[in-house]
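1. the sequence and its predicted three-dimensional model are supplied below.
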Amino acid sequence: MKKEELQNPAAEAGIIATLISYPDLYFSNDSIDPHHFYNKENGYLFYAISELIKRDIKKIDIYNILNILEANKFTIGEAKNINQDTLSEIFNLSENVVRNTSEEYNLIAQAVIEMSMRRDVYDELKKCEAMICNDKEENIQSKIYASIEAIVSNYQDLKPLKLTCEKIDEIWSKIERKAEDGDFVDFNLSVMNKFATHSKTDCIVIAANEKRGKSLLLMNEMIYLLSLGKKVLYIDTELDTDLFTMRCVSHLAQVEFYKIQKQVLSKEEREKIKKALVFLKEHPFIHEYYPVLTADSLISLAKQSKHKFDVDFVIVDYLKSNNEFSMDAYKNSAYMGKMVDVLKNIIAGKEKMFTITAVQANPDGTIADSKKIARNCSALFYLERKNKKQFSNDGGEEFGNTIIKCVANRNGKLSRDGEYESLTLDGDLCTWRVPKQPERIEKTPY
């Protein structure tokens with residue numbers, strides 16, 4: 001094949017057409033960029049559309065595309081062949097090649113990237129051929145190896161192997177910087193910090209039976225994180241933004257929820273609410289109501305919030321059965337496990353964002369929908385109301401009305417059998433607190 005044959009026009013057209021109709025699919029594969037396109041006009045179009053998407057401009061039309069191209073000094077002259085007439089033709093033809101799923105979009109994106117890699121290798125081999133034919137060229141073998149390695153690394157993110165022992169000082173300095181840079185954040189409820197902390201590579205999961213306050217715990221955590229200056233994306237599968245805001249105000253103002261709901265408020269309570277509203281207006285966060293959450297929408301929301309608003313925390317309240325799989329235990333288990341895997345390995349691991357979520361549990365503490373959740377998360381906490389025996393043993397309600405224990409942990413200790421930490425849930429005020437902890441005689445490990 002000649003170099004000019006190393007292209008995939010259908011895939012390039014498919015990417016442009018897809019992003020015109022479904023701009024959010026851009027975030028399902030962010031490894032592609034304008035230089036991967038063989039057709040330069042396609043590359044310029046991709047650049048313009050991706051800039052619109054990054055700026056959260058949902059309307060991908062001729063006017064907006066031309067505005068982007070004409071505003072950039074690097075494209076204003078180069079993209080002169082892209083005008084209203086050519087764009088009109090592209091928009092008219094786009095419906096014939098558009099894709100509407102992330103899987104299909106990823107296929108055509110990878111096809112374009114592969115052809116780009118082949119062209120780059122072709123060019124590099126031509127340079128190697130020139131070196132081979134030059135009898136004055138020295139160290140040919142190492143030059144050829146370095147040349148090809150650079151290309152492969154660009155496309156596969158490969159790095160030369162090094163002995164870890166030679167990088168210990170560099171690694172330790174990085175660890176120290178992480179602590180200084182705020183890569184580890186304590187929980188609002190201090191008893192949880194005995195077991196884990198928020199980390200940009202971890203996914204924390206709260207498990208609880210229904211109506212045990214897991215959503216309020218996550219909401220309290222968001223308010224606490226906002227007070228630390230963090231920016232939060234809160235994806236809610238249960239509550240719309242109005243109801244969620246009422247809960248936040250009840251917690252911040254310490255005014256009973258039913259009073260806020262019915263607007264039966266004293267003058268003093270209204271003043272407290274005004275201060276609560278000021279707090280919510282001054283601290284950036286996003287609340288998105290998503291009754292049916294998919295892996296694609298989760299990734300898209302996280303990447304958009306990070307790029308546009310510099311969000312560093314993602315809270316999902318909460319992961320629950322996908323209605324599509326509600327009658328198929330195997331598919332539902334795979335779905336739940338995949339969602340935790342996305343939070344842990346893509347949003348936390350790849351995007352370096354803090355993540356925490358909640359799942360439904362059975363009364364005995366086992367997770368209702370998927371063992372893969374415990375396997376994929378970083379730390380799993382279990383919430384439950386205290387029973388009469390626990391109230392009696394701990395000394396009464398002043399020592400809390402709820403237990404929390406760490407039942408799975410990748411990076412720290414676990415709660416021992418029969419042991420737990422005490423918490424207080426005040427549902428009227430939408431508030432979790434750490435009460436005075438009961439004294440317990442620690443069991444010996446022998």
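-> Thanks, I have it. Numbering: from 1, shown residues only.

2. tell me how many other residues crowd Ile171.
-> Other residues near Ile171 come to 10 when the count uses other CB atoms under 10 Å. Glycine gets a C-beta too; all of them are placed from N, C-alpha and C.

3. can you pull the pLDDT of it?
-> pLDDT for Ile171: 87.

4. try Lys386
-> pLDDT, read off for Lys386, is 95.

5. show me the shaky parts of this structure.
-> Judged by pLDDT under 70, the chain has its weakly predicted residues at 1, 156-161, 322-333, 363-370, 440-446.

6. give me the residue at the spatial middle of it.
-> The residue lying closest to the centre of the chain (CA atoms, centre = their mean) is Ile347, at 3.2 Å.

7. ok, now which ones touch the nearest residue to it once chain neighbours are set aside?
-> Leaving out its chain neighbours, the residue that sits closest to Ile347 by CB to CB, 6 or more residues apart in numbering is Ala302, at 4.7 Å. Residues counted as contacts of Ala302 (CB atoms under 8 Å, 6 or more residues apart in numbering) are 233, 311, 314, 347, 351, 353.

8. tell me how many other residues crowd the first one.
-> This points to Leu233. Neighbours of Leu233 (other CB under 10 Å): 25.

9. hmm, back to that, so the residue nearest to Ile347, which state does it fall into?
-> Of the three states, Ala302 takes helix under DSSP: H, G, I helix; E, B strand; the rest coil.

10. mind checking how far it is from Ile223?
-> Taking CB to CB, to the nearest Å as the measure, Ala302 and Ile223 are separated by 20 Å.

11. show me which positions of stretch 351-365 end up buried.
-> Within stretch 351-365, the residues that count as buried by 16 or more other CB atoms under 10 Å are 351, 353-361.

12. so which of those are in helices?
-> Using DSSP state H, no member of those sits in helices.

13. mind listing what's buried in the helix or strand in which Thr245 is found?
-> Using DSSP states H and E, Thr245 sits within helix 241-253. For helix 241-253, the neighbour count (16+ other CB under 10 Å) marks 244-245, 247-253 as buried.

14. what helix or strand is the nearest residue to Asn188 once chain neighbours are set aside located in?
-> With sequence-adjacent residues excluded and distances taken as CB to CB, 6+ apart, Asn188 is closest to Tyr224, at 3.6 Å. Take DSSP H and E as the rule and Tyr224 turns out to sit in helix 214-227.

15. does anything pack onto the helix or strand just after that helix? Which helices or strands?
-> Using DSSP H and E, the helix or strand that follows helix 214-227 towards the C-terminus is strand 232-236. Taking 3 or more CB pairs under 8 Å, 6 or more residues apart in numbering; DSSP states H and E as contact, the helices and strands that strand 232-236 lies on are helix 214-227, strand 285-289, helix 295-309, strand 313-319.

16. please repeat the previous calculation with a cut-off of 6 Å.
-> For strand 232-236, the packing partners by 3 or more CB pairs under 6 Å, 6 or more residues apart in numbering; DSSP states H and E come out as helix 214-227, strand 285-289, strand 313-319.

17. give me whichever of the ones you listed is most buried.
-> Most buried of those by mean neighbour count (mean count of other CB atoms under 10 Å) is strand 313-319; its value is a mean of 24.

18. for that one, C-alpha coordinates in PDB please.
-> Below are the C-alpha coordinates for strand 313-319, written out as PDB (Å, rounded to 0.1, in the frame of the first residue of the first chain):
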ATOM      1  CA  PHE A 313     -14.900  14.700  43.600                       C
ATOM      2  CA  VAL A 314     -17.500  12.400  42.200                       C
ATOM      3  CA  ILE A 315     -20.300  11.100  44.500                       C
ATOM      4  CA  VAL A 316     -22.800   8.600  43.100                       C
ATOM      5  CA  ASP A 317     -26.000   8.300  45.200                       C
ATOM      6  CA  TYR A 318     -26.500   5.500  44.800                       C
ATOM      7  CA  LEU A 319     -25.800   2.400  42.600                       C
END
